[in-house]
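*Asks:* Attaching a predicted model along with its sequence, questions to come.
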Amino acid sequence: MAACSQETGDKMALAETIVVCLGVYFGAGVIVALLFLSFGVSHIDHAAKGASAFFRPMVFLGCVALWPYIILRFLSLKKINQPDVSPPDGSAS
């Protein structure tokens, strides 16, 4: 009987560890998403500058879940959706 309660205790400790790790991951994700959507999104995505008021709440959960990618993307400063700056005649200078 004691072995069964020990096994249950080990399973509960594992479950608590998983819940705490997920809480830390998503807690960090909320912080990164709030900072990114407040200040950083327009630096990475040019099209986000003129986005509607519903844009940021719609992408909030995605930012929370994918916050490690967002940090890497922000640190690399690779911009997407930039306006085309090539000459209108198509010649490369």
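*Replies:* Yep, it's here. Please read these numbers as outputs of a predicted model, since none were measured by experiment.
*Asks:* Can you read off the pLDDT for the most centrally placed residue in the chain?
*Replies:* By Cα atoms, centre = their mean, the chain has its centre lying nearest to Trp67, at 2.5 Å. Per-residue pLDDT puts Trp67 at 95.
*Asks:* From Phe55, how far out is it?
*Replies:* As judged by Cβ to Cβ, to the nearest Å, Trp67 and Phe55 stand 18 Å apart. To be clear about C-beta, it is placed using only N, CA and C from the backbone, and glycine gets the same treatment.
*Asks:* now Ser38
*Replies:* 13 Å.
*Asks:* Pick out whichever of these two has more residues nearby.
*Replies:* Phe55 (14 against 10; other Cβ atoms under 10 Å).
*Asks:* and the more buried one, how far is that from Lys49?
*Replies:* From Phe55 to Lys49 the distance is 10 Å (Cβ to Cβ).
*Asks:* And the longest helix along the chain, what's buried?
*Replies:* Counting by DSSP state H, the longest helix found in the chain is helix 2-35. Neighbour counts over helix 2-35 (16 or more other Cβ atoms under 10 Å) mark Gly29, Val32, Ala33, Leu35 as buried.
*Asks:* What is the burial count for Arg56?
*Replies:* Neighbours around Arg56, by other Cβ under 10 Å: 17.
*Asks:* swap in Ile70?
*Replies:* 22.
*Asks:* which residues of the chain score low on pLDDT?
*Replies:* 1-5, 78-93 (pLDDT under 70).
*Asks:* residues touching the nearest residue to Phe60 once chain neighbours are set aside, list them.
*Replies:* Setting aside the residues directly before and after it, Phe60 is nearest to Ala33 in space (Cβ to Cβ, 6 or more residues apart in numbering), at 5.6 Å. Counting by Cβ atoms under 8 Å, 6 or more residues apart in numbering, Ala33 touches Phe60, Cys63, Val64, Trp67, Ile70.
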